[in-house]
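Asker: What follows is a predicted structure for the sequence shown.
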Amino acid sequence: QVQLVESGGGMVQAGGSLRLSCAASGRTILNYAMGWFRQAPGKEREFVAAISASGGRTDFADSVKGRFTISRDNAKNTVYLQMNSLKPEDTAVYYCAPSILRVAALGDFGSWGQGTQVTVTT
């Protein structure tokens, strides 16, 4: 069974930090660019960050540039999102997925994981 499992979310005060993890099972992420996406209540899911298959290139939405970093450990089949200087507007459910040009490309991974809730309070 192919799965993407996100974890690491929680509730933090503005200015705080969280590190999200996305563990893939049933299929290797080795050959995939991977991305993080988020969906706030009442809004569409949006692109947050992506990392190339090798890890050599990254891409960030303007809203998180300079505050978030993305990394991956292909040996652990896991992608990470380090979120610093969090703002209330970062509150959302965060998901990971293979990514092509800032668009989720679940393909062989089938469906979205359950996501992980991030809540940033003032």
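Answerer: Received the coordinates, thanks.
Asker: ok, now how distant is Cys22 from Ala50?
Answerer: 12 Å (Cβ to Cβ, to the nearest Å). No exception for glycine: its C-beta is placed from N, CA and C like everyone else's.
Asker: Same question for Asn31.
Answerer: Applying Cβ to Cβ, the value for Asn31 to Ala50 is 15 Å.
Asker: Residue ranges in this protein under the pLDDT threshold?
Answerer: The chain contains no residues with pLDDT under 70.
Asker: which residues of it fall in strands?
Answerer: 3-7, 10-13, 18-25, 34-39, 46-51, 58-60, 68-73, 78-83, 92-100, 103-104, 116-121 (DSSP state E).
Asker: could those go into CSV alongside distance to Gly110 and mean neighbour count?
Answerer: CSV is the format used below for those (distance: least, Cβ to Cβ, whole Å; neighbours: other Cβ atoms under 10 Å):
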stretch, distance to Gly110, mean neighbour count
strand 3-7, 8, 19
strand 10-13, 27, 13
strand 18-25, 11, 19
strand 34-39, 15, 24
strand 46-51, 19, 22
strand 58-60, 24, 17
strand 68-73, 20, 18
strand 78-83, 17, 23
strand 92-100, 10, 23
strand 103-104, 12, 16
strand 116-121, 19, 17
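Asker: Enumerate every residue touching Asn74.
Answerer: Neighbour list for Asn74: 28-30, 55 [criterion: Cβ atoms under 8 Å, 6 or more residues apart in numbering].
Asker: quick one on the thing from earlier: residues that sit against both of Cys22 and Ala50, list them.
Answerer: Here Cys22 and Ala50 share the contacting residues 34, 36, scored by Cβ under 8 Å, 6+ apart.
Asker: Nice, that's everything, thank you.
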